[in-house]
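Student: show me the folded form of this:
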Amino acid sequence: MSTTERSTLARKLVTFMRDEIPLAQAMDLQLHASEEDRLAIAAPLSPNVNDKGCAFGGSLVSAMTLTGWGLVELELRMRGLDCDVFVGESTVRYLEPVWGDFLSEARLAESASWDTFFATLDARGRARIEVLCDVPGSGDKPAATLEARFVAKRRSPDAV
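Tutor: Reported below is the predicted structural model:
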């Protein structure tokens with residue numbers, strides 16, 4: 001799939017998120033970048049602010065979870081596969097406050113492989129994959145991180 005086709009599909013996915021997940025609409029999430037094995041979503045501070053004037057922790061974890069989910073969902077859509085994707089488990093760390101608009105970036109964990117994921121999905125009808133997400137911080141280190149295992153399960157042909 002070309003870079004242009006991937007970007008178009010990523011834009012459609014973020015539109016789907018905003019239309020079907022009310023939280024994504026309320027957070028005003030927007031596509032920032034879609035590259036091979038990486039998805040980045042932008043969020044403005046104003047709808048995601050807490051009482052201290054920085055980004056609400058719930059917004060940070062929600063943005064990272066949605067970005068990780070989106071990375072997996074995008075790969076499935078690129079292959080024309082119809083699956084339910086959900087987060088199986090995750091660990092979040094908040095490392096510094098975020099005082100402005102922010103990005104959430106998702107990529108595969110070093111130990112993860114799309115080839116293994118899709119081979120397992122083909123053989124078993126479900127598969128899991130490890131995804132790393134972060135919100136860049138003020139320096140070289142992230143402001144927040146999320147390590148998550150996402151699960152994809154093929155929908156039955158009769159499912160609506």
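
Student: for residue 109, the count of nearby residues, please.
Tutor: By other CB atoms under 10 Å, the residues close to residue 109 number 13. The way it works is simple: take the backbone N, C-alpha and C, and place the C-beta from them, glycine included.

Student: poorly predicted segments of the chain, please.
Tutor: 1, 157-160 (pLDDT under 70).

Student: can you tell me the element the spatially most central residue of the chain falls in?
Tutor: The centroid of the chain falls nearest to residue 67 when counting by CA atoms, centre = their mean (1.6 Å). Assigned by DSSP states H and E, residue 67 belongs to helix 57-78.

Student: how far off centre is that helix?
Tutor: Centre-to-centre, helix 57-78 and its host chain are 2 Å apart (CA atoms, centre = their mean, to the nearest Å).

Student: same question, stretch 115-122
Tutor: For stretch 115-122, the distance to the chain centre is 19 Å (CA atoms, centre = their mean).

Student: if we go by neighbour counts, what in it is buried?
Tutor: For stretch 115-122, burial by neighbour count (16 or more other CB atoms under 10 Å) applies to 117-118, 120-121.
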